[in-house]
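>>> need a 3D model of the sequence below.
(chains A and B)
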Amino acid sequence: MTAIGTSVARADGPLKVTGQVQYTVDTQLPGMLHAKVLRSPYPHARVLAVDATAAAARPGVVVLTAADLTNLDHAFGVALRDQPIVAIDRVRFVGDPVAAVAADTPEAAEAALEFIDVEYEPLETVMDPEAAAADDAPVLHPVERPRAPMFVGWPAERFRGSLNVCSGYHVEQGDLDAGFASADHVFEDTYRVPPIHHGNLEPHAAVASWDHRGHLNVISSTQSPSIVRLQLAEIFGLTENQVRVVVPYVGGAYGSKVYAKIEPLVAAIARKAGRPVRLVLTREEVFATAARHACTVHIRTGVRNDGTIVAREVRAFYDTGAYADTGPRASKKGGYLAGGPYRIEHQSLTSYCVYTNKAPAVAYRGFGVPQVVWAYESQMDDIAARLAIDPLELRRRNLIRDGDTFVTGDVLRNPGLDEALEAVAEAGDWGSPVPEARPGFAIGRGVACAIKSTSTPSNSAASVRLNADGSVHLLTSSVEIGQGSTTALAQVIAETLSIPVSRVTVSLPDTDVTPFDQSTISSRTTFSVGRAATDAAAKIRQQLMSLAASQLEAAVTDLDVDEGSVFVRGSRDRSLTFAEIIRRHFGSPAGSLFGDSVFQTRGGLDPLTGKGKASATWFYSAAAAEVEVDLETGKARVLRIATSADVGKAINPAQCHLQNEGSMLTALGSALFEEVVYDAGQPTNSSFLDYGMPSLEDHPLEFHSILVEHPSEDGPFGARGVGESVISPVAPAIGNAVAAALGGARVRELPISPERVLAAVDQQPEARA
Amino acid sequence: MTINGRRVSIDADPSESLAYVLRERLRLTGTKISCDVQVCGACTVLVDGLPVSSCTYLAYEARGREVLTVEGLAHTDGALDPLQRAFIEDNAFQCGYCTGGMLLAAHAYLADEQDGDSGENVFEALAGNICRCTGYVPIVAAVLRVRDG
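Numbers count the residues shown, from 1 in each chain, chains lettered A, B, ... in the order given. Okay, here's the model as predicted:
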């Protein structure tokens, strides 16, 4: 065991420090045109007429409107096919595409947009998800859209209200009324989370072209090459082999590039232009393309005097914006995880996925979970304060344990949650006196923990190729979005074949060549693709041993593999290198061996009961924060923070720590200042001039990243996954620290802005200050 | 102007940004555009040794000046600069989109430090370069390691 658990240098390092690395935005093809998109200035309006005659008359300009797409059902969406490539008769948010133009330069395309006349009739808007769910709310999609074939649907009718409720989820156990009747205290609160921006530094980009076979070629910054291929095939009436999706290195995604985003539009205008077309979104357009779900969470919890949580009811309204995208799935996930990682006998958990006139909410690191963790972990500290129980101790008394059955029916095996929680408490000096604050400031500490699941069922294939010289290629459609997949996957193969990591190269996705992978999402790449790659490499190993057995005249059972050679156990001199085995096999030092494998996770939740098998593996995490609050201005500053994640097995510890740091800092931004702001339906801060993201100056002075290793059953070498774990507990840990600093004054709506801190203090006169 | 030690002559529209000229005319795509408003630092290049945001800096203003981009950091014999090596060794990046700008901002900081006149610490020097994936901890470690030899 040398390749596993080692922080080998990243495979893409030399490319990334020299500027040689190519992203989609860097693509130039011969004869390529540049696209620009005309977008709605209204949050909700009927489109009465689109007149593109003047724009189309300009030299070299190609215009796309809905009139060009009348022969297609071009509305797409991975759950509901509700999002047209360009508006058909209605726009639903500021930034909704209405038409697109392609021209020789981006400037010429931009200039041509001015010559498209659109006649709108403004409609009433609805911006709040709970208001949008009410039966008198203005309806965004009056005609229900068909479900995408991949989506296991929840019957939305059960959850209405308004047609704006496009999906819902419910699960329960025990007897809620009896549970609350047995409680000594009941806590009932509402927590809110605003939309936030992914902040992917590389904007969404795609280049599309059609060849004379009628095949569609797309280069895209997507996290989902296999699914985008399916979606494009579906829209344009092609078979999967007629669509090719290539994904270069991706400059940050965090969920913003999951499933089709701009690819259908670029493909449609390229089809009309008959030439390659590139679209690179501006920052303002990225804001109009993706956000994290805003959410309103009503949470009611019944507790006994000894701190035992006996009942919990949660109703969470997820704001999916103008189109469903992954909202039905993210809200489902947030729904069944809304009770938290606790043993609670009586539970009723419900989530609603609701349309509003905001930009579409999409996958975002944490996938619907941070919203409910913010609610249940904040309320946990209110409970601790009322019962005068230490917050860490209160959690200890209620934590799920090995072998417990989760509310979905899943049995949780070997959870590293208690260890994760104790580790951050220790690193954060929990229980020791809080440092004395400067005059005019207060310091507090907070702790929080979380549980998250992974997309299940899901499917990853891997194809491993052993070259004649003993070096190896992995063909995979998993995307290098910065998380280090091209390094970690090389490590699991190197380990399986007992060769140096440098002898393994991991491909980037090219759907003409690389096999299916569900998507680079849900912290699943190391777990699922890693497992498929390990199994595929094991098949190569098996072939090598069979060949070597006859070549060495030994039984396969007597053979072993080490350092790129097969040898007879007990007599190392009877040994053949991989290259020699291949040379003997083919009679020439040329040729290759293949090993293919598919890793399929099984499960899913019953649409009617909400029960079944929610997840193939589980992620456990915790955070402890120490925060200083300026009592005059209300500004909170994180002095130090410790995070921990049960990663199962750290394949590459340095990369795991980086994933934790990234989750931590994104969550810190969401806790203290990140928010996409709307004023009467208009977004007002869709620029980095106005939307702040954490810089080095916001980084906590002290940061501990702790990796807990409770092996999973199915992951390669016991790995679980790490990408999203830490994002959930950080905001409530910070919120709990702020409340502790303020003697219990609590901010229940993110971000914890100075204004909200001062307001919370005002509402709680007995608080310090 | 001189770009990465090579004199180049370009006919460009006066409104073209330096980033546009580098990326689209010279195909030096290591310089990245992200926010387009001089905030995130992804487009940082050095002009006469000083960091500028090339997304808003006009190519016209660079006439006769020396421009250094990430492609020019490695030595002429192909060997990586110590800063580039430190970034690899310390894992100071993930997606890499901020890395070019980050390296040049750090390069300017280290040059100032060598002259003894930076007047700011590494946190201030790199505060204008956003890394969303986050490698801030290893980035600072790598820069300090090079600074301290």
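
>>> C-alpha only now, for contacts and for neighbours.
Will do.

>>> what strand or helix carries the closest residue to residue A:465 other than its chain neighbours?
Leaving out its chain neighbours, the residue that sits closest to residue A:465 by C-alpha to C-alpha, 6 or more residues apart in numbering or on different chains is residue A:594, at 4.7 Å. Assigned by DSSP states H and E, residue A:594 falls within strand A:593-601.

>>> residues near residue 77, how many?
No chain specified, so I'll use chain A. 23 (other C-alpha atoms under 10 Å in any protein chain shown).

>>> meant chain B, my bad for not saying
Using other C-alpha under 10 Å: residue B:77 sits among 6 other residues.

>>> for it, give its distance to residue B:100.
Residue B:77 sits 20 Å away from residue B:100, taking C-alpha to C-alpha, to the nearest Å as the criterion.

>>> do the same with residue A:215
Per C-alpha to C-alpha, residue A:215 is found 36 Å from residue B:100.

>>> hang on, the earlier thing: centre of the chain to whichever helix or strand comes after the strand holding residue A:594, how far?
The helix or strand immediately downstream of strand A:593-601 is strand A:604-605, counting by DSSP H and E. Its chain's C-alpha centre and that of strand A:604-605 lie 19 Å apart, by C-alpha atoms, centre = their mean, to the nearest Å.

>>> what does strand A:604-605 contact?
Identification of contacts with strand A:604-605 by C-alpha atoms under 8 Å, 6 or more residues apart in numbering or on different chains yields A:408, A:456, A:457, A:611, A:612, A:613, A:614, A:615.

>>> quick one on the thing from earlier: between residue A:215 and residue B:100, who's got more neighbours?
Shown here are residue A:215 and residue B:100; by other C-alpha under 10 Å, residue B:100 has more neighbours (27 against 17).

>>> I figured residue A:125 hits residue A:355, correct?
No: the criterion here is C-alpha atoms under 8 Å, and residue A:125 misses it with residue A:355 at 10.8 Å.

>>> can you pick out the residue with more neighbours from those two?
A side-by-side neighbour count of residue A:125 and residue A:355, using other C-alpha under 10 Å, places residue A:355 first with 33 against 22.

>>> ok, back up a step: quick one, what contacts the residue nearest to residue A:465?
For residue A:594, the contact set (C-alpha under 8 Å, 6+ apart) comprises A:463, A:464, A:465, A:466, A:540.

>>> I figured the last one hits residue A:593, correct?
To tie it back to what came earlier, the one meant is residue A:540. Yes: between residue A:540 and residue A:593 there is a contact at 6.8 Å, judged by C-alpha under 8 Å.

>>> OK, contacts around residue A:452?
Contacts for residue A:452 (C-alpha under 8 Å, 6+ apart) come out as A:337, A:366, A:369, A:618, A:619, A:620, A:725.

>>> of the residues you listed - the most surrounded one?
Scoring the contacts of residue A:452 on neighbours with other C-alpha under 10 Å, the highest-scoring entry is residue A:725 at 33 neighbours.

>>> wait, doesn't that one sit right on residue A:619?
Yes: using C-alpha under 8 Å, residue A:725 is in contact with residue A:619, at 6.0 Å.

>>> next, show the common contact partners of the two.
Joint contacts of residue A:725 and residue A:619 (C-alpha under 8 Å, 6+ apart) are A:451, A:452, A:645.

>>> from these, pick the one nearest chain B.
If you rank the shared contacts of residue A:725 and residue A:619 by distance to chain B using C-alpha to the nearest C-alpha, residue A:645 comes first, at 16.8 Å.

>>> name the nearest residue to that closest one, ignoring sequence neighbours.
Distances taken as C-alpha to C-alpha, 6+ apart place residue A:621 nearest to residue A:645, at 4.3 Å, with adjacent residues excluded.

>>> any idea whether whichever residue of the stretch 651-769 of chain A sits closest to chain B is helix, strand or coil?
Nearest residue of the stretch 651-769 of chain A to chain B, counting by C-alpha to the nearest C-alpha: residue A:662, 4.6 Å away. What DSSP: H, G, I helix; E, B strand; the rest coil gives for residue A:662 is helix.

>>> so what's it up against?
Residues in contact with residue A:662 (C-alpha under 8 Å, 6+ apart) are B:132, B:133, B:134, B:135.

>>> could you pick out the longest helix of chain B?
Looking across chain B with DSSP state H, the single longest helix is helix B:99-115.

>>> helices or strands up against that helix?
Contacts defined by 3 or more C-alpha pairs under 8 Å, 6 or more residues apart in numbering or on different chains; DSSP states H and E place helix B:99-115 against strand B:44-47, strand B:50-53, helix B:82-89, helix B:122-126, helix B:136-147.

>>> tell me the spacing between the spatially most central residue of chain B and chain A.
By C-alpha atoms, centre = their mean, chain B has its centre lying nearest to residue B:104, at 2.7 Å. Distance of residue B:104 to chain A, given as C-alpha to the nearest C-alpha, to the nearest Å: 11 Å.

>>> quick check: pLDDT value at that residue.
What the model reports as pLDDT for residue B:104 is 98.

>>> now do the shared contacts for residue A:540 and residue A:593.
Shared contacts of residue A:540 and residue A:593 (C-alpha under 8 Å, 6+ apart): residue A:466.

>>> of these two, which one has the most company?
residue A:540 (21 against 17).

>>> look up the closest residue to the more buried one, ignoring the ones flanking it.
Nearest in space to residue A:540, with sequence neighbours left out and distances taken as C-alpha to C-alpha, 6+ apart, is residue A:595 at 5.3 Å.

>>> okay, now the unreliable bits of chain B?
Applying pLDDT under 70 to chain B picks out residues B:117-119.

>>> can you tell me the SS state at the residue of chain B found nearest chain A?
Going by C-alpha to the nearest C-alpha, chain A is nearest to residue B:95 of chain B, at 3.4 Å. What three-state DSSP gives for residue B:95 is coil.

>>> quick one: the helices in the stretch 101-250 of chain A?
Assigned by DSSP state H, counting those that start in this stretch, the stretch 101-250 of chain A shows helices spanning A:106-113, A:129-133, A:176-181, A:225-236.
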